[in-house]
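K.L.:
The sequence isn't on hand, but the structure is:
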């Protein structure tokens with residue numbers, strides 16, 4: 001492939017499986033180990049390959065330990081150096097990669113450059129690692145600049161970051177985007193889905209960095225036989241945002257001890273309750289069934305086809321902007337960064 005990037009690609013290594021070192025206590029991130037492993041991949045230094053630089057964060061973290069402070073750090077690095085690079089690759093552990101990709105899609109509005117999250121299921125230093133292809137292809141995508149949003153590349157597919165979810169703990173096709181088609185697929189060549197990319201977020205917006213505050217947010221998954229009373233103490237003024245993972249298109253159990261009084265109480269205390277579906281594919285349609293209609297009257301809003309990861313990140317984003325509850329409710333049901341399919345836009 002002919003090199004098209006005028007500026008290099010910045011590769012940000014946060015930790016995660018791809019760069020871990022084998023120790024007596026299992027694989028773990030080790031400072032400096034990943035950079036030495038990269039020197040053993042000649043393709044990265046090929047004359048036709050995009051130029052790149054490595055930024056190794058400190059401390060390196062397993063992705064289970066990445067949360068709001070790390071999102072703020074990664075987003076800040078990218079925003080501050082946005083004029084120095086043609087694109088960015090974020091190497092990240094797989095467990096919370098979809099959460100981080102969703103978060104940065106809201107934090108870096110109008111960046112106009114590709115930010116590609118990737119990693120691996122097998123460390124780069126181990127046999128049969130999937131990390132080499134994920135890394136090489138991600139740098140190529142970041143260097144080409146065809147996609148100008150936060151995305152996630154894994155196992156031959158480029159997914160919109162805030163539409164992706166981890167679907168396998170041990171398979172090499174670890175991520176999927178059930179409610180949105182891939183932005184690109186990598187075979188012999190990288191084939192971009194230009195129609196989908198064209199329907200992306202507004203690239204003409206002024207680049208903006210929106211850091212997250214440590215907003216108290218909770219997730220409640222509905223299951224048969226759930227005793228809602230056990231959750232009453234936390235679903236009030238202690239939480240600003242609640243993501244409710246419902247059955248199907250937004251249904252919850254009714255009858256004695258139902259969730260509705262608790263939601264009403266939480267809403268009255270200022271919480272925003274967003275209903276997402278437990279189904280990987282499909283959309284929430286509050287009011288379509290009797291068992292979901294009362295959620296609307298209780299003050300809940302529809303998450304449409306948002307993933308739980310995206311809904312959590314969006315709540316962090318909107319609350320961190322300092323918006324009032326009614327405005328947050330309105331925007332939770334509107335498309336902000338390509339995270340949901342809806343009939344009306346902001």
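P.N.:
Done, it's in. None of these values were measured; they are calculated from a predicted model.
K.L.:
State the three-state secondary structure for the residue nearest the centre of the chain.
P.N.:
For the chain, residue 102 is the residue whose C-alpha lies nearest the centre (C-alpha atoms, centre = their mean; 2.5 Å). Recorded secondary structure, residue 102: helix (DSSP: H, G, I helix; E, B strand; the rest coil).
K.L.:
Enumerate every residue touching it.
P.N.:
Contacts for residue 102 (C-beta atoms under 8 Å, 6 or more residues apart in numbering) come out as 161-162, 164, 307, 309-310, 312-314, 339. Any C-beta I mention is one placed from the backbone N, CA and C, and that applies to glycine too.
K.L.:
now the helices for the stretch 1-150 of the chain?
P.N.:
33-38, 68-80, 97-107, 131-144 (DSSP state H, counting those that start in this stretch).
K.L.:
of all those, which lies closest to residue 237?
P.N.:
Across the helices of the stretch 1-150 of the chain, residue 237 has its closest neighbour in helix 68-80 (20.4 Å, C-beta to C-beta).
K.L.:
quick one: buried residues of that closest one?
P.N.:
Within helix 68-80, the residues scored as buried using 16 or more other C-beta atoms under 10 Å are 68, 70-72, 74-75, 77-79.
K.L.:
That one to helix 97-107, inter-axis angle?
P.N.:
50 degrees (axes from the mean of the first three to the mean of the last three C-alpha atoms, to 10 degrees).
K.L.:
just checking, what packs against helix 68-80?
P.N.:
Helix 68-80 sits against strand 9-13, helix 97-107, strand 108-109, strand 208-209, with contacts defined as 3 or more C-beta pairs under 8 Å, 6 or more residues apart in numbering; DSSP states H and E.
K.L.:
ok so, going back, any idea how far the residue nearest to the centre of the chain is from residue 121?
P.N.:
Going from residue 102 to residue 121 by C-beta to C-beta, to the nearest Å gives 20 Å.
K.L.:
next one: residue 272
P.N.:
Using C-beta to C-beta, residue 272 is found at 35 Å from residue 121.
K.L.:
Which residue of those two possesses the greater neighbour count?
P.N.:
Using other C-beta atoms under 10 Å, the more surrounded residue of residue 272 and residue 121 is residue 272, with 25 against 21.
K.L.:
Report the beta-bridge partners for the more buried one.
P.N.:
residue 241 (DSSP bridges).
K.L.:
Now do the strands in the stretch 101-250 of the chain.
P.N.:
Along the stretch 101-250 of the chain, the segments classed as strands by DSSP state E, counting those that start in this stretch run 108-109, 115-118, 150-154, 157-160, 165-166, 175-176, 184-186, 190-192, 208-209, 217-221, 241-246.
K.L.:
elements contacting the second one?
P.N.:
Just to be clear, that refers to strand 115-118. Using 3+ C-beta pairs under 8 Å, 6+ apart: strand 115-118 touches strand 87-91, helix 97-107, helix 131-144, strand 150-154.
K.L.:
go again using 10 Å as the cut-off
P.N.:
strand 9-13, helix 68-80, strand 87-91, helix 97-107, helix 131-144, strand 150-154, strand 157-160 (3 or more C-beta pairs under 10 Å, 6 or more residues apart in numbering; DSSP states H and E).
K.L.:
nearest to residue 226, of these?
P.N.:
Among the helices and strands packed on strand 115-118, the nearest to residue 226 by C-beta to C-beta is helix 97-107 (24.0 Å).
K.L.:
Look at residue 63 and report its pLDDT.
P.N.:
pLDDT for residue 63: 93.
K.L.:
could you list every residue that touches it?
P.N.:
The contact partners of residue 63, by C-beta atoms under 10 Å, 6 or more residues apart in numbering, come to 14-17, 70, 92-97, 99-100, 119.
K.L.:
Compare these and tell me which is most surrounded.
P.N.:
Neighbours here mean other C-beta under 10 Å. Within the contacts of residue 63, the largest count is held by residue 119, at 30 neighbours.
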